[in-house]
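1. just to be clear, the model below is a prediction. Sequence and coordinates:
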Amino acid sequence: MKDINIALVAHDGRKQELLQWVKFNYKMLTTYKLYATGTTGKLISDLVIEEEGRLTKPFKGKVTRLLSGPLGGDQQIGAMIAEGRINMLVFFCDNLIVQGHQNDVSALTRLAALYNIAFATNRTTADMLLTSTLIDDPDYSIQLPGCIDSYVNRALE
């Protein structure tokens, strides 16, 4: 099984929705390395699951917390994507309000698309990505688009 690194991000208006998704998928998610922006990471780490009549915190100590999104966490995840260290981004964006750090949000989503990683902005897509047979396929790898190589090797005048 290959290492899968998943970044989890949610704006304030969608944090509860992301937590419900994490709770629903906790058995699968605990098998992967998780990264999350500040508050989202804390909420996931503190998430209580009832299993077989007992309460557990399956993510305690298992989520690498980055900075809060507006304080640089979005950019940290973006850098990890560019370095090939993130395989999947689950980002529940609140598209009904303009974020104070909208430029960071736009940059993060641009990098996810540019580097061709699995990227979900809603629960349905996140469920489909997480349950794809390709997620653990050792023969599958992310294919970087040719435009990246072309850009890196462009002639400068």
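-> Arrived safely.

2. for this structure, which spans come out with low pLDDT?
-> Counting by pLDDT under 70, the ranges of the chain that qualify are 1-2, 94-102.

3. longest single helix anywhere in this protein?
-> Looking across the chain with DSSP state H, the single longest helix is helix 102-114.

4. chain center to stretch 49-68, what's the gap?
-> 16 Å (Cα atoms, centre = their mean, to the nearest Å).

5. cool, stretch 44-62 as well?
-> With Cα atoms, centre = their mean, you get 20 Å for stretch 44-62.

6. compute the first-to-last residue distance for that stretch.
-> The stretch stretch 44-62 measures 9 Å between its terminal residues, going by Cα to Cα, to the nearest Å.

7. what does stretch 41-61 give?
-> Stretch 41-61: ends 10 Å apart by Cα to Cα.

8. now it: buried residues?
-> Applying a neighbour-count criterion of 16 or more other Cβ atoms under 10 Å, one finds Gly41, Leu43, Ile44, Ser45, Leu47, Pro58, Phe59 buried in stretch 41-61. For glycine as for every other residue, the C-beta is placed from the backbone atoms N, C-alpha and C.

9. how about Trp21: what's its closest non-neighbour residue?
-> In this structure, Trp21 finds its nearest non-sequential neighbour in Arg123, 5.2 Å apart by Cβ to Cβ, 6 or more residues apart in numbering.

10. for the one you found, list the residues it contacts.
-> Glu17, Trp21, Phe92 (Cβ atoms under 8 Å, 6 or more residues apart in numbering).
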